[in-house]
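In: I'll drop the sequence and a predicted model, then ask my questions.
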Amino acid sequence: MNTTMMTGRFAPTPSGRMHIGNVYALFAAWLSVNSRHADTGSDGDAGDAGVGADAGNGRMLLRIEDVDVSRAVPDADRWIMDDLNWLGLRWQGEPVYQSQRLDIYRQAVDSLRAMMLVYPCFCSRSDLRAISAPQQDDGFVIYPGTCRRLALRRRSDGDASNLAGKRHSLRIAVPDEHSPRAEVGFVDRVFGERRFNLAREVGDVVLRRSDGLYSYHLASVVDDVLMGVDDVVRGRDLLRSTALHIWLREQLAASGFWNDAPPVRYAHLPLIDTSSGIRLAKRKHSLDMGVIRASHIAPEQVIGYCAWLLGIRPGSDGGPVAMSAQEALPLFSWRCLRGDTADRTVDGRLLDVLRAIR
Ligand code: GLU
């Protein structure tokens, strides 16, 4: 039983109206924090216990991830909140906006800088395209370390010429490939034991872009710790980033930026593809919540479909069943997903599928 109070977060990027893949991920985060038996699985007593008894006492927060202001769409934060409310997915307190926390991110970068873990990178986008290793299946591009070598050389030559006046981003120097500190392992609640070599599989990621914007990695790590989040649910494309995040938390503790970062429980979700195999992109309006709601589909149909994507199969035929978020609570456990971690394909006729859910 999930007896300790967990703190989770909805962390949507306000780049448009949510699509079914976003709803599925946020719903999973909500279930993880609110279900009393997320890890043990339902024991079949849900009917006797009633919905109330299955609700945990977790705390769900809302963070609007608008740190990349160039991607933020005006009003998208309000649509997301309205859709979450419509779906019955509630959070506590006021939403936290990353765009209002730049001073905190700057202090975090300064702390890492004081530990000699940050270096300027002068590579342009086209330089990176030309020299980078091919994208991994999760879209991750590993930086080959050009400017890291340059920074080391300048340091050992005592070269004080002010290259920093040139447009540059700031990167974090992860431990060398053969250092034991480069190995970071964790147990994911869906994907099980995972281990990554930071140098080989993650690389020196950007903390602050050359246009001054802070990166997702930095903002997410800083905010999760400062908001007291200890339950993180997100797409499996962030599995390797999690190794980086765990290491970054430790470096920020070592720098004195915070005393202690409590351990986090992570769950990564299979990704959702459209039937053509292309990841649903919010910017393409691929059957977003605006379209779904205008088609007179009920929240229970959307939740029932997302529950089904999460492996909840209450119906005799194994198909999706209409249910409220509260009704899904006793049926949910991470075990539902563990057996089937393949990416999901959403039927191209999603509206018809949703409409037919009873
Ligand atoms: N803002 C990210 C997204 O919308 C969430 C990443 C995370 O949960 O850490 O995919």
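Out: Received it, and whenever you're ready, just let me know what you need. Numbering: from 1, shown residues only.
In: going forward, measure contacts between C-alpha atoms and count neighbours the same way
Out: Will do.
In: near the ligand, which residues of the chain?
Out: Within the chain, the positions near the ligand by C-alpha under 6 Å from any ligand atom are 11-13, 65, 234.
In: contacts only, for Pro12.
Out: Residues in contact with Pro12 (C-alpha atoms under 8 Å, 6 or more residues apart in numbering) are 22, 63-65, 80.
In: which members of the residues you listed are the farthest-apart pair?
Out: The span of the contacts of Pro12, defined through C-alpha to C-alpha, is set by Asn22 and Arg63 at 14.2 Å.
In: about what we covered before: so which of the contacts of Pro12 is the most crowded?
Out: Ranked by the number of neighbours (other C-alpha atoms under 10 Å), the contacts of Pro12 place Asn22 first, at 24 neighbours.
In: could you say which helix or strand holds that residue?
Out: Using DSSP states H and E, Asn22 sits in helix 20-34.
In: what mean pLDDT would you report for that helix?
Out: The average pLDDT for helix 20-34 rounds to 96.
In: so how far is it off the chain centroid?
Out: The chain centroid and the centroid of helix 20-34 are separated by 11 Å, computed with C-alpha atoms, centre = their mean, to the nearest Å.
In: what separation do you get for Leu89 and Leu61?
Out: Between Leu89 and Leu61 the distance is 11 Å, computed by C-alpha to C-alpha, to the nearest Å.
In: in the stretch 201-350 of the chain, which spans are strands?
Out: 206-208, 231-235, 265-269, 272-274, 344-346 (DSSP state E, counting those that start in this stretch).
In: what's the least confident stretch among those strands?
Out: strand 272-274 (a mean of 77).
In: which residue packs closest to Ser324, ignoring adjacent ones?
Out: Nearest non-adjacent residue to Ser324, counting by C-alpha to C-alpha, 6 or more residues apart in numbering: Glu300, 4.9 Å away.
In: can you tell me which residues contact Leu62?
Out: Leu62 touches 9-11, 91-96, counting by C-alpha under 8 Å, 6+ apart.
In: Leu170: how many residues sit nearby?
Out: For Leu170, the neighbour count with other C-alpha under 10 Å is 23.
In: looks to me like it is in a helix.
Out: No - Leu170: not assigned to a helix; according to DSSP: H, G, I helix; E, B strand; the rest coil it is strand.
In: that one - nearest residue in space that isn't next to it in sequence?
Out: Pro120 (4.6 Å).
In: and which of the contacts of Leu62 is nearest to the ligand?
Out: Closest approach to the ligand among the contacts of Leu62 (C-alpha to the nearest ligand atom): Ala11, at 4.9 Å.
In: now do the SS call for the closest residue to that closest one other than its chain neighbours.
Out: Leaving aside its sequence neighbours, Ala11 sits nearest to Arg63 (C-alpha to C-alpha, 6+ apart; 4.9 Å). Using three-state DSSP, the structure places Arg63 in strand.
In: could you do the one 5 residues further on as well?
Out: The three-state label for Asp68, taken from three-state DSSP, comes out as coil.
In: what backbone torsions are found at it?
Out: Main-chain dihedrals, Asp68, degrees, to the nearest 10: phi -90, psi 90.
In: residues in contact with the residue nearest to Thr341 when sequence neighbours are not counted?
Out: Of all residues not flanking Thr341 in the chain, Pro270 sits nearest, at 5.6 Å (C-alpha to C-alpha, 6+ apart). Residues near Pro270 by C-alpha under 8 Å, 6+ apart: 235-236, 341-344.
In: neighbour count added to these, as a markdown table?
Out: Shown next, in a markdown table, are the contacts of Pro270 (neighbours: other C-alpha atoms under 10 Å):
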| residue | neighbour count |
| --- | --- |
| Gly235 | 18 |
| Arg236 | 19 |
| Thr341 | 17 |
| Ala342 | 12 |
| Asp343 | 15 |
| Arg344 | 19 |
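In: and which of these is nearest to Val190?
Out: Nearest to Val190, judged by C-alpha to C-alpha, of those is Thr341 at 7.5 Å.
In: centroid-nearest residue for this structure?
Out: In the chain, the C-alpha nearest the mean C-alpha coordinate belongs to Arg234, at 4.0 Å (C-alpha atoms, centre = their mean).
In: next, count neighbours for the closest residue in space to that one that isn't next to it in sequence.
Out: Closest residue to Arg234 apart from its sequence neighbours, by C-alpha to C-alpha, 6+ apart: His268 at 5.1 Å. As a burial measure, His268 scores 23 neighbours (other C-alpha under 10 Å).
In: any idea how far His268 is from Pro180?
Out: Using C-alpha to C-alpha, one gets 25 Å for the distance from His268 to Pro180.
In: state the distance from Cys121 to Ile357.
Out: Distance from Cys121 to Ile357, by C-alpha to C-alpha: 52 Å.
In: same check, this time on Gly203
Out: On the measure of C-alpha to C-alpha, Gly203 and Ile357 end up 45 Å apart.
In: for the chain, name the helix or strand with the lowest mean pLDDT.
Out: Lowest on mean pLDDT, DSSP states H and E among the helices and strands of the chain sits helix 46-54, with a mean of 41.
In: returning to that earlier point: of the contacts of Leu62, just the buried ones, PyMOL syntax please.
Out: In PyMOL, a selection of the buried entries from the contacts of Leu62 looks like this (16 or more other C-alpha atoms under 10 Å):
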select buried, resi 9+10+11+91+96
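In: and the contacts of Leu62 as a markdown table, adding pLDDT and secondary structure?
Out: Shown next, in a markdown table, are these (pLDDT from 0 to 100; DSSP: H, G, I helix; E, B strand; the rest coil):
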| residue | pLDDT | secondary structure |
| --- | --- | --- |
| Arg9 | 98 | strand |
| Phe10 | 98 | strand |
| Ala11 | 98 | coil |
| Trp91 | 98 | coil |
| Gln92 | 97 | coil |
| Gly93 | 97 | coil |
| Glu94 | 98 | coil |
| Pro95 | 98 | coil |
| Val96 | 98 | strand |
